[in-house]
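Q: Structure of the sequence below:
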Amino acid sequence: MTRNSYPIKTFPTELIFWCLGIIGILLIDTDSTQHFTLCPIGLLGFEWCPGCGLGRSMKLLIEGNFKASWEMHPLAGLAWIVILLRIFNLIKHLKAKRNYG
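A: Numbering: from 1, shown residues only. Reported below is the predicted structural model:
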């Protein structure tokens, strides 16, 4: 009887990453004037970055504040679609590979 005794090692870490990313976006406080950033361009002191505001814009979109979301970053809806499709594809691949469900 061969059984995979280490299923965590073969679990797709990318799926965990994207799910944690969504949780992080949902925990963002959009009313705060200061925010934590990992943006290398912002950390170098530049004021404009093409990706800055995307996370906050995604949170505003989920809250239903469409105008503020669009003003902060117009690609928030596309980002949600891309992330959710990627999660769906990873789960579909995992189910097919492991014969879950």
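Q: Now do the helices in the chain.
A: Per DSSP state H, the chain carries helices over the ranges 7-10, 13-26, 40-43, 54-63, 66-72, 76-98.
Q: and the last one with helix 54-63, angle?
A: Which is helix 76-98. Here helix 76-98 runs at an angle of 90 degrees relative to helix 54-63 (axes from the mean of the first three to the mean of the last three C-alpha atoms, to 10 degrees).
Q: if we look at helix 76-98, which residues are touching it?
A: Residues outside helix 76-98 that contact it (C-beta atoms under 8 Å, 6 or more residues apart in numbering): 11-12, 14-15, 18-19, 21-22, 54, 57-58, 60-62, 69-70, 100-101. (C-beta placed from N, C-alpha, C; glycine too.)
Q: Please apply the same query to the third one.
A: For helix 40-43, contacts defined as C-beta under 8 Å, 6+ apart pick out 37, 49, 52.
Q: Quick check: the second one touching C39?
A: Think C49. Yes. Between C49 and C39 there is a contact at 5.5 Å, judged by C-beta atoms under 8 Å.
Q: worst-scoring helix or strand of this structure, pLDDT-wise?
A: None of the helices or strands of the chain scores lower by mean pLDDT, DSSP states H and E than helix 7-10, at a mean of 59.
Q: Distance check, A76 against G24.
A: Distance check for A76 against G24: by C-beta to C-beta, to the nearest Å, it reads 15 Å.
Q: Before I go, just wanted to say thanks for your time.
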